[in-house]
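Peer 1: sequence first, predicted model second:
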Amino acid sequence: MIQALSASPQDQSVVNYIYVNLYDNVDFTSSVGFNPLLGMTSQQTGKTKYLQVWKVDDAITCGGNCYDNEHSPRYTKLTWLANQVTDTPTAGGVILGTKDFPYGFYDITIYQNIYFNIDPSLAIKKLYTGILNLRPGNLNPAVKYTEYSTNDTDTDSVYITNKS
């Protein structure tokens, strides 16, 4: 399961990372390369957001020569942003933690994609499906609890009602 944080009004943007093995499924014969598209569908509302990842970092595991079978990376690190202010799906940022896209579980799909495309029907192919858990960021608690105090002044009263 992929873990992600939502942004808060205080921090405006949170960087999220997805570590996943994608290279077994990528079609490197295509001239468009590897530009992942993320599709996130809320399991609570059924609504979907699409965004291109902000950054793909795979050279850390394959010594910079990632495009042949002999040196393929063990995993790929995809970077995307949870914003608070504006959706920028072609630049890797979306607003989450709202009424339509609440905290909780999301079905996530990663596609091999072309540049500046957020339409999955135009993507090259589906690479990965899984589950993402969206949690509030450090400065954005989901629920604020207050301690219960037992200072009720009338705790031993019995109320009798007339049933008609």
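Peer 2: Arrived safely. What you see is a predicted model, and the numbers here were worked out from it, not measured in a lab. Residues are numbered from 1 along each chain as shown.
Peer 1: all strands for the chain, in order.
Peer 2: 2-6, 13-20, 37-42, 48-52, 55-57, 76-83, 93-95, 104-112, 125-136 (DSSP state E).
Peer 1: now these as CSV including mean neighbour count?
Peer 2: The C-beta positions use only the backbone N, C-alpha and C, and glycine is treated the same way. Formatted as CSV, the strands of the chain follow (neighbours: other C-beta atoms under 10 Å):
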stretch, mean neighbour count
strand 2-6, 19
strand 13-20, 17
strand 37-42, 22
strand 48-52, 19
strand 55-57, 14
strand 76-83, 21
strand 93-95, 21
strand 104-112, 20
strand 125-136, 16
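Peer 1: to Val26, which of those strands lies closest?
Peer 2: strand 104-112 (5.7 Å; C-beta to C-beta).
Peer 1: so which elements touch that closest one?
Peer 2: strand 37-42, strand 125-136 (3 or more C-beta pairs under 8 Å, 6 or more residues apart in numbering; DSSP states H and E).
Peer 1: what mean pLDDT does it get?
Peer 2: Averaging pLDDT along strand 104-112 yields 94.
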